[in-house]
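[1] curious how this folds, go ahead:
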Amino acid sequence: MHAPTDHTVADGQLRPPPRHAPLPPLPPVPPARSRTTRPGPLLRLRLAPDGQVPRRLDGVWWPRSDDLLTELPELLAGLPRAWGDIVSVMVNGTAWSGSPGRMLVCNQVVRLRRSTAAHAPDTVVLMAPGRGRRDLRVVPPGTTEEAARPLMSAGADGLV
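    Got it, this is the predicted structure:
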């Protein structure tokens, strides 16, 4: 005689399988925008030109706040399609306000990870399956335009 399994009771009657606890809902984020239209302020992003020479950084991003739930959807919506669908983002843990371990961006789940690496405190790492890794330098949100301008230009020139 077999011992009862999770799906049977002692009298041999079947019962439905146990329900797993549902995952907590994804946090609300601002509505995703298409990659071609941005009704709000322009995304402050400068990308290094494509080329055969490997480089440490792929561009520079200057977010308007330290609120990752607000800023990340804007960034991901503004990236080139050739970079693919970003499924994982790693940010410096000290530079951003609190954030969940995942969020829904542009109709897909993006995993968020934090790093406290001293060698890259002002970077965000973007991962896309089959497309690899892209690293962006982050200009702190409170930076003046005068101080940010040379950093943004260096990103556009591939000098970051």
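[2] just the CA atoms of stretch 137-153, as PDB, please.
    In PDB, the C-alpha atoms belonging to stretch 137-153 read as follows (Å, rounded to 0.1, in the frame of the first residue of the first chain):
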ATOM      1  CA  ARG A 137      28.500  55.700 -17.100                       C
ATOM      2  CA  VAL A 138      25.900  57.500 -15.000                       C
ATOM      3  CA  VAL A 139      26.200  61.200 -14.500                       C
ATOM      4  CA  PRO A 140      24.600  61.900 -11.100                       C
ATOM      5  CA  PRO A 141      21.200  63.500 -11.400                       C
ATOM      6  CA  GLY A 142      22.100  66.700  -9.400                       C
ATOM      7  CA  THR A 143      25.100  67.500 -11.700                       C
ATOM      8  CA  THR A 144      24.900  70.900 -13.200                       C
ATOM      9  CA  GLU A 145      24.600  71.200 -17.000                       C
ATOM     10  CA  GLU A 146      28.000  72.900 -17.100                       C
ATOM     11  CA  ALA A 147      29.700  69.900 -15.300                       C
ATOM     12  CA  ALA A 148      27.700  67.300 -17.300                       C
ATOM     13  CA  ARG A 149      28.300  68.700 -20.800                       C
ATOM     14  CA  PRO A 150      31.900  67.400 -21.100                       C
ATOM     15  CA  LEU A 151      31.000  64.000 -19.700                       C
ATOM     16  CA  MET A 152      28.100  63.600 -22.200                       C
ATOM     17  CA  SER A 153      30.300  64.800 -25.100                       C
END
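[3] for that stretch, give me every contacting residue.
    Contacting residues not belonging to stretch 137-153 are listed as 44, 46, 57, 59-66, 91-92, 95, 122-124, 155, 160 [CB atoms under 8 Å, 6 or more residues apart in numbering]. Glycine gets a C-beta too; all of them are placed from N, C-alpha and C.
[4] what subset of the residues you listed is buried?
    44, 46, 57, 59-63, 91-92, 95, 123-124, 155, 160 (16 or more other CB atoms under 10 Å).
[5] so which residues of the chain form strands?
    Counting by DSSP state E, residue ranges of the strands within the chain are 45-47, 59-61, 88-92, 102-105, 108-115, 123-128, 132-138.
[6] out of the buried ones among the contacts of stretch 137-153, which comes closest to residue 116?
    residue 92 (6.9 Å; CB to CB).
[7] any idea how far the nearest residue to the closest one once chain neighbours are set aside is from residue 81?
    Leaving aside its chain neighbours, residue 92 sits nearest to residue 121 (5.0 Å; criterion: CB to CB, 6 or more residues apart in numbering). Going from residue 121 to residue 81 by CB to CB, to the nearest Å gives 30 Å.
[8] that's all I had, so thanks and see you.
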